[in-house]
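Peer 1: need the 3D shape of this:
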Amino acid sequence: MGNLQKTHIIEAASWIAIIAILYAFSFEFDKEIEIYKFGASGWPRSILALFCLVVVGNIWYQYNHGSKIQAGRVGVSDDDISEADRSLSSWITISAFITAPLLYAWSLKPIGFYSATPFFILAIIMLLGERRPKWIVGITSLIYGILITLFLLILNAPLPQGTVSPFYDFSAFMLRISNQIQHLF
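Peer 2: Numbering: from 1, shown residues only. Presented below is the predicted three-dimensional model:
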C-alpha cells in the first residue's frame with residue numbers, strides 16, 4: 001500500500017466518518033429557499049465535499065510520500081513526535097485547548113456572545129504562549145472588533161445575548177449601538 005501507515009488510514013477513516021455524520025445531519029435542515037436553488041443545506045454540503053476532497057488529497061500524498069519531512073516544510077515528522085515532550089504541563093495545555101471551546105459554547109447561553117467572546121479570545125491567546133499584556137489586549141481587541149463588525153454591522157446576524165443580568169445588559173447595549181450605526185447609513 002505504498003507509504004501508507006496504519007495511522008494514515010485511521011486518520012482518513014476518522015475524517016470520512018465525521019464528514020458522513022455531518023452530511024447525514026444536513027438532511028434535518030434541508031429546506032427549499034426561494035432565492036437559492038440549492039436550499040439551506042447547499043453550502044454545508046459543498047464545504048463537506050471540499051473536506052472530502054482534502055482527505056482524498058491527503059491520503060494520496062501520504063500514499064506517495066509517507067510522512068517523511070520535506071525541506072522547507074513547517075511541521076513535525078513522525079520521528080519528532082516520538083521524541084516530543086510529554087510533560088505534565090503539555091498535557092495541561094492540551095486539555096485546556098480542548099476544554100476552552102467547550103466552556104465557551106456552554107457560556108454562550110447564560111453569558112452571551114458579546115461578553116464571553118473576549119474572554120475566550122484572551123484565553124486562547126494566553127494558551128498559545130503570549131505573555132505581553134499590550135499584545136494580549138491589542139490582539140484580543142482587534143479580533144473582537146473584527147467579529148463584532150462582521151456579525152453586527154455587515155451580516156446583521158442574531159447572536160446569543162445571555163440571560164444573566166449584567167451580561168444581558170451589555171448585549172442590549174451592543175445591539176442598541178449597532179442599531180444606531182445602521183440607521184446612520
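
Peer 1: only C-alpha atoms from now on, for both contacts and neighbour counts.
Peer 2: OK.

Peer 1: show me the domain layout of the chain.
Peer 2: As assigned by automatic domain parsing, the chain contains the domains 6-68+77-82, 88-184.

Peer 1: secondary structure element for the residue nearest in space to the middle of the chain, which one?
Peer 2: Centroid check for the chain by Cα atoms, centre = their mean gives residue 101 as the closest residue, at 8.6 Å. Using DSSP states H and E, residue 101 maps to helix 88-107.

Peer 1: can you check what angle separates the next helix or strand along the chain from that helix from helix 88-107?
Peer 2: Downstream of helix 88-107, the first helix or strand assigned by DSSP H and E is helix 113-127. Orientation note: helix 113-127 sits at an angle of 170 degrees relative to helix 88-107 (axes from the mean of the first three to the mean of the last three Cα atoms, to 10 degrees).

Peer 1: flag every buried residue along the one helix or strand residue 20 maps to.
Peer 2: Using DSSP H and E, residue 20 sits in helix 6-25. Judged by neighbour count using 16 or more other Cα atoms under 10 Å, the buried positions of helix 6-25 are 8, 12, 15-16, 19, 23.

Peer 1: follow-up on the earlier one: can I get the domains of the chain in a markdown table with mean pLDDT?
Peer 2: Converted to a markdown table, the domains of the chain look like this (pLDDT from 0 to 100):
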| stretch | mean pLDDT |
| --- | --- |
| domain 6-68+77-82 | 84 |
| domain 88-184 | 91 |
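
Peer 1: now residue 33: phi and psi?
Peer 2: Residue 33 has phi and psi values of phi -120, psi 130 when expressed as degrees, to the nearest 10.

Peer 1: helices or strands next to the lengthiest helix in the chain in the packing?
Peer 2: Ranked by residue count, the top helix of the chain under DSSP state H comes out as helix 42-65. Helices and strands touching helix 42-65, by 3 or more Cα pairs under 8 Å, 6 or more residues apart in numbering; DSSP states H and E, are helix 6-25.

Peer 1: one more time with 6 Å
Peer 2: Packing partners of helix 42-65 (3 or more Cα pairs under 6 Å, 6 or more residues apart in numbering; DSSP states H and E): none among the helices and strands.

Peer 1: in it, what counts as buried?
Peer 2: So, applying 16+ other Cα under 10 Å, buried residues of helix 42-65: 45, 48, 52, 55, 59, 62-63.

Peer 1: next: stretch 113-128.
Peer 2: For stretch 113-128, burial by neighbour count (16+ other Cα under 10 Å) applies to 113-118, 120-125.

Peer 1: swap in stretch 24-32?
Peer 2: Buried residues in stretch 24-32 (16+ other Cα under 10 Å): residue 26.

Peer 1: so how far does it reach from one end to the other?
Peer 2: Length of stretch 24-32, first residue to last, Cα to Cα, to the nearest Å: 17 Å.
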